[in-house]
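Peer 1: Dropping the sequence and predicted coords here.
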Amino acid sequence: MTTAVNAADVAVFAAGSLRSALTDVAQAFERSSGHKVVLTFGASGLLRDRIRSGEHADVFASANMEHPQALAALGWTERVDRFARNTMCVLARRTMLDPNVRLGTSTPKSDPSGDYAWQVFHKADVMQPGSFATLSAKAMQLTGGPQSPPPPSNRSLYGVLLAENRADIFLTYCTNAELSRKEQPGLKSVKLPSTLEVSADYGMAIAHDAPAPARDFARFVLGPDGQSRLNGNGFDPP
């Protein structure tokens, strides 16, 4: 989702999993500062590529550290800050290894959620050899890719995919799973056991030529009010 940006606005590119939380944070910042924040959400890897191709963004909030660090290596930013943590959950009714269960994931390399899903598969393989081959072969990369359809603006995409019978279970961030469960009480959000747990560190970078309001917004995200709002939306502190 992209919105027209005026010169005086703070242009923020952010991971789709931050939609609810960062919208809350941005609205609080706008009230306190008087500066408008224009949010563009999408898969972090695709947003990185758009910035690298020359699209304008003042702040990049990614679902991993690697994508903003890649921009730092190109000189787009001077530093990358961890600002939140997330974990992976299963939005499911049945087990992932059941051969009859259709498993949905996001797209590795384009969307960190897909990369984290593959890390879960590797951990499962340590516990039960052969699990990685089974899970990676059956995983349907339904979101986060260059050709994936845009997510709905007013509903959780993952709950929609299950409601449309596109998959039986979905491996995604716990924050996404919880939003889907609230929309559809019949779904279950199941945390992975510690042996399979994969944590997601979210990284934020500011363009080296970003104006002062953008830097103020980044400080707000890292400050007590921003962190409290992220926590209220299910994210852990960095």
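Peer 2: Happy to help now that I have it. Numbering: from 1, shown residues only.

Peer 1: which stretches of the chain form helices?
Peer 2: Remark: helices assigned in the chain by DSSP state H are 19-33, 44-52, 66-73, 112-127, 131-138, 157-163, 174-183, 212-222, 224-232.

Peer 1: and stretch 179-195, how far out from the chain's middle?
Peer 2: Centroid displacement of stretch 179-195 relative to its chain, using Cα atoms, centre = their mean, to the nearest Å, is 16 Å.

Peer 1: Kindly report the same for stretch 219-236.
Peer 2: Distance, centroid of stretch 219-236 to centroid of chain: 15 Å (Cα atoms, centre = their mean).

Peer 1: What mean pLDDT does that stretch get?
Peer 2: When pLDDT is averaged over stretch 219-236, the result is 97.

Peer 1: buried stuff in the longest strand along the chain?
Peer 2: The residue-count maximum for a strand in the chain (DSSP state E) belongs to strand 77-91. Residues Thr77, Val80, Asp81, Phe83, Ala84, Asn86, Thr87, Met88, Cys89, Val90, Leu91 are the ones in strand 77-91 that count as buried (16 or more other Cβ atoms under 10 Å). C-beta coordinates here come from the backbone N, C-alpha and C atoms, glycine included.

Peer 1: sorry, back to before: between the helices of the chain, which one is closest to Pro99.
Peer 2: Shortest distance between Pro99 and those, using Cβ to Cβ, is found for helix 131-138: 7.7 Å.

Peer 1: what's the angle between that closest one and helix 112-127?
Peer 2: 140 degrees (axes from the mean of the first three to the mean of the last three Cα atoms, to 10 degrees).

Peer 1: Let me see the domain layout of this protein.
Peer 2: Segmentation of the chain into domains, based on automatic domain parsing, reads 10-86+201-232, 87-191.

Peer 1: Of all those, which one is nearest Pro238?
Peer 2: domain 10-86+201-232 (3.7 Å).

Peer 1: centre of the chain versus that closest one, how much separation?
Peer 2: 12 Å.

Peer 1: cool, stretch 175-194 as well?
Peer 2: Centroid separation between stretch 175-194 and its chain, computed with Cα atoms, centre = their mean, is 15 Å.

Peer 1: For it, measure first residue to last.
Peer 2: 17 Å (Cα to Cα, to the nearest Å).
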